[in-house]
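[1] Just a sequence and a predicted model for now, questions to come.
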Amino acid sequence: MKRLRVSPLETHIGYWLRFASNHVSQAFSRKVESCGVTVAEWVVLRALFERSPLAPSELADALGTTRGAISKLVDRLVEKSLATKTAGEEKDRRFQSVALTPKGRALVPKLAALADQNDKEFFGSLRASERVMLTELMKRIVRKHGAKVVPMD
């Protein structure tokens, strides 16, 4: 019987991307969870920090996710007093907007500092030019494949 040649895992770029990504993501998750939020909640908080208030549908579109997923995340942020939901005017009470509370707005810079710290821990050994190159290569892959969903887990 002829033996098939099977490439080792370590020869695949995807293997190394996933290996590194898992470690970077898990470390960041632990950091933000120490502040009482998940990575997905951090992503929503960060989006609202730039463009608050937003309709949940706009938020879902901006993050490339479903309205149902955004609704659940927003509800969790409201429960934590990090965001508010406001119903629309009497004409259309279905419309809602989501905004950060002062507590939520104050938390975002702290979480951003944790993201910066995490990047430094994992990528600080690279030269600045290497970090730029790695970022540009990842962006090129994302654009080439039309990826739109913001990573939130």
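    That came through fine. Numbers count the residues shown, from 1 in each chain.

[2] From now on I want contacts and neighbour counts done on CA atoms only, so please keep to that.
    Noted.

[3] Spell out the residue ranges of the helices in this structure.
    Shown for the chain, the helices assigned by DSSP state H span residues 13-33, 39-51, 56-63, 67-79, 102-123, 128-144.

[4] ok, residues contacting the last one?
    Counting contacts by Cα atoms under 8 Å, 6 or more residues apart in numbering, the residues outside helix 128-144 that touch it are Phe123.

[5] and that helix, how far out from the chain's middle?
    Helix 128-144 sits 17 Å away from the centroid of its parent chain (Cα atoms, centre = their mean, to the nearest Å).

[6] The third one too?
    The chain centroid and the centroid of helix 56-63 are separated by 13 Å, computed with Cα atoms, centre = their mean.

[7] ditto for the second one
    Distance of helix 39-51 from the chain centroid (Cα atoms, centre = their mean) equals 8 Å.

[8] Report the inter-axis angle for it versus helix 13-33.
    Angle, helix 39-51 to helix 13-33, by axes from the mean of the first three to the mean of the last three Cα atoms, to 10 degrees: 80 degrees.

[9] Which elements pack onto helix 39-51?
    helix 13-33, helix 56-63, helix 67-79, strand 96-100, helix 102-123 (3 or more Cα pairs under 8 Å, 6 or more residues apart in numbering; DSSP states H and E).
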